[in-house]
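1. Quick one, what's the 3D model for this:
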Amino acid sequence: MPSKNRNYKKEYENYHSSDEQKKKRAKRNAARSKMEKEGRVKKGDGKDVDHKKPMAKGGGNGRSNLQVKSKSANRSFARTKSAKMK
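-> Here you go, the predicted structure:
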């Protein structure tokens, strides 16, 4: 089976360095910083800051919309029988 090499530089240039992605990343970092100041999370603890209502669906970075979850719980999604996300 041939190995597929991933071009990370091109991926960064085309996606991660876009203004839209930089703004989204800044918002995620601000949410984590807010929870770190409260002592709810710390670097290397294996936890994620989750938005109860996703920012993509109109949720914000207000304290009432943030919660702490394990990485595995936050990064898994409910799936249908055909393995698509619900």
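2. wait, K52 sits on N65?
-> Yes: in this structure, K52 is within contact of N65 by C-beta atoms under 8 Å, at 5.2 Å. (Glycine included, C-beta is placed from N, CA and C.)
3. D50 belongs to a helix, doesn't it?
-> No: read with DSSP: H, G, I helix; E, B strand; the rest coil, D50 is strand and lies in no helix.
4. if we can go back for a sec, what's the overlap in contacts for K52 and N65?
-> The contact sets of K52 and N65 overlap at G59 (C-beta atoms under 8 Å, 6 or more residues apart in numbering).
5. Looking at the two, which has the bigger crowd around it?
-> N65 (15 against 9; other C-beta atoms under 10 Å).
6. Spell out for me which residue occupies the centre of the chain.
-> Nearest to the geometric centre of the chain sits R28, at 6.8 Å (C-alpha atoms, centre = their mean).
7. Give me the contact list for the helix or strand where it lies.
-> If you go by DSSP states H and E, R28 is part of helix 19-37. Helix 19-37 is contacted from outside by Y15, V41, K42, K43, V49, H51, M55, N61, R63, L66, V68, using C-beta under 8 Å, 6+ apart.
8. buried set for it?
-> A31, R32, K34, M35 (16 or more other C-beta atoms under 10 Å).
9. Now pLDDT too, for these, in JSON lines please.
-> What follows is those, written out as JSON lines (pLDDT from 0 to 100):
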{"residue": "A31", "pLDDT": "96"}
{"residue": "R32", "pLDDT": "96"}
{"residue": "K34", "pLDDT": "96"}
{"residue": "M35", "pLDDT": "96"}
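10. Using CSV, please lay out those together with distance to K81.
-> Formatted as CSV, the buried residues of helix 19-37 follow (distance: C-beta to C-beta, whole Å):
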residue, distance to K81
A31, 33
R32, 34
K34, 38
M35, 35
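11. Which of those sits closest to A78?
-> A31 (22.5 Å; C-beta to C-beta).
12. Point out where this structure drops to low pLDDT.
-> 1-3, 85-86 (pLDDT under 70).
13. hmm, 90 instead?
-> For the chain, applying pLDDT under 90 flags the ranges 1-6, 11-18, 54-57, 73-86.
14. Understood, closing this out.
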